[in-house]
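Trainee: Provide a 3D model corresponding to the input given below.
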Amino acid sequence: MCSGGARVKLFLVGVFVALTAIGGDIALVAGLEANTFPLEMLPGTPFGSYVIPGLILVVVVSGSAAVAAAATLLSPGVGALASTVAGVGMMGCIVGGVLLFNQPSAWTWIEVFYFALGLVMVVLGLIVGRT
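Mentor: The predicted structure is shown next:
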């Protein structure tokens, strides 16, 4: 039987990521994040705009977090696994973006924040999955 407190936290983090990341992902696709992610960061990448990277983030970050939150609500074991996968996927997307795009600084505050949330999802997923 899993710890109820860890399960609730895992659910809340998943919901938070799903709801907040979708707004940022859509803003990226729509070009509203031009101050943080200017087009000048794209040369040397396979992308001419942020539409495809933004859509990837919608699926990998927001979508997987939403699925993980729902799964956590319905089944602790499935939710733990889904949350761990979602957290690793989110951290992977962030590291991939930092390595791929020509950012003026290595990490933006938003990337650090969501990387940390991904790590929290992984840790809580492992805790819930073990109990």
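
Trainee: so which strand or helix has residue 53?
Mentor: With elements delineated by DSSP states H and E, residue 53 resides in helix 51-57, which encompasses its position.

Trainee: what does that helix rub up against?
Mentor: Identification of contacts with helix 51-57 by Cβ atoms under 8 Å, 6 or more residues apart in numbering yields 21, 24, 25, 26, 28, 29, 47, 93, 97. To be clear about C-beta, it is placed using only N, CA and C from the backbone, and glycine gets the same treatment.

Trainee: buried residues in the helix or strand of the chain with the lowest mean pLDDT?
Mentor: When the helices and strands of the chain are scored by mean pLDDT, DSSP states H and E, helix 51-57 comes last with a mean of 90. Across helix 51-57, burial judged by 16 or more other Cβ atoms under 10 Å covers 53, 54, 57.

Trainee: Redo those residues as CSV? Include distance to residue 14.
Mentor: Output for the buried residues of helix 51-57, formatted as CSV (distance: Cβ to Cβ, whole Å):
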residue, distance to residue 14
53, 22
54, 20
57, 16
